[in-house]
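Colleague: fold the following and give me the result.
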Amino acid sequence: MAVDRPDGLAHLSLSIYIGYDPREAEAFAACRESIRHRLNQPIKTHGLVLAGLRDKGLYYRPTEYRPSAEKPVLWDVISDAPMSTEFAISRFLVKHLAGTGWALFMDCDMLVMTDLAEVFRGLDRSKAVYCVKHKHEPKNATKMDGQMQTFYRRKNWSSFMIFNCDHPFNAVLTPEYVNSLPGRDLHAFCWLEDDQIGELDVSWNWLCGVSDPAIDPALVHYTLGLPNLTGN
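Modeller: Numbers count the residues shown, from 1 in each chain. The predicted structure is shown next:
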C-alpha cells in the first residue's frame, strides 16, 4: 500500500526484503536493525524465509544435501549447482510477493550505513530492475562458512536489487518461472534486455575486501565472509 512520504518519495509503494538463512540468523538480525535504526520514514521490512515460502507453495524447487570435503552442501537440482544460502533462488520471488511498487531485495550479510529510503529516490520507471553492476571475479574456491564459491555472469548484481514490480517485463517472474530456471540464468537477469537494468552507485553494494576502499559506503556487503563466520 502506498504511504505518504516526504521529499520526493510521496505516494510510492516501497518494500524491503532481507534474505534469511538459519546459519546467518545473527547477521539477519544485525542487517535488519541497521536498516530500522537509520530509516527516517516507514518502509515495511520482511524476512525472506524459505520454509515459509515452501509452506505457501511458492517455492518447490528440488534441493538436496550432497557430501563435500568440508561439510554437506545444499544443492539445487535444477541448476546442478550448490546454494550458498537458502535464499539463493527465492530472492526472485520478491516481485511476486510485493505485487506492486518498488521492492528491494538484499542479502543478510550487509550493514546499512545510511537511510535506506534514499536508494529509492529518483528511480526511472522505464527500468525493470536496479542494481550495482559489479565486475567481480572471485579468486578463491570458498567463501563464508567454507561454502563453495560459485561463478556466474553478473556476479553479485542480484545481492542487492530493486524490482520495479509494475514493469511489464517483470510479469514473467511468477512462481512457476522462478521454480523452473537454473539459478545462473536468474542471477544474470535472463528475462531482461541490458537497457532495462538500471545502475545504482557502487556505494549501495560496497563489497568488503573487494570494492575501492576510497569509496564511502552507504551499505557494506561482507560477501567474502561475515566476521562471525569462518571462511575467506
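Colleague: can we go C-alpha only for contacts and neighbour counts from here?
Modeller: Noted.
Colleague: going by neighbour count, list what's buried in stretch 43-58.
Modeller: Residues of stretch 43-58 classed as buried by neighbour count (16 or more other CA atoms under 10 Å): Ile43, Thr45, Gly47, Leu48, Val49, Leu50, Leu58.
Colleague: do stretch 67-82 as well
Modeller: Within stretch 67-82, the residues scored as buried using 16+ other CA under 10 Å are Val73, Leu74, Trp75, Asp76, Ser79, Ala81, Pro82.
Colleague: just stretch 25-40 next, same as before
Modeller: Buried-residue list, stretch 25-40, by 16+ other CA under 10 Å: Ala27, Phe28, Ala30, Cys31, Arg32, Ser34, Ile35, Arg36, Leu39.
Colleague: which secondary structure state does the residue in the chain sticking out farthest from the centre sit in?
Modeller: Distance to the chain centre peaks in the chain at Ala69, reaching 27.9 Å (criterion: CA atoms, centre = their mean). Of the three states, Ala69 takes coil under DSSP: H, G, I helix; E, B strand; the rest coil.
Colleague: helices of the chain, residue ranges please.
Modeller: 25-38, 50-55, 94-98, 175-178, 183-187 (DSSP state H).
Colleague: helices or strands next to the longest one in the packing?
Modeller: Helices and strands in packing contact with helix 25-38 are listed as strand 14-19, strand 110-112; criterion 3 or more CA pairs under 8 Å, 6 or more residues apart in numbering; DSSP states H and E.
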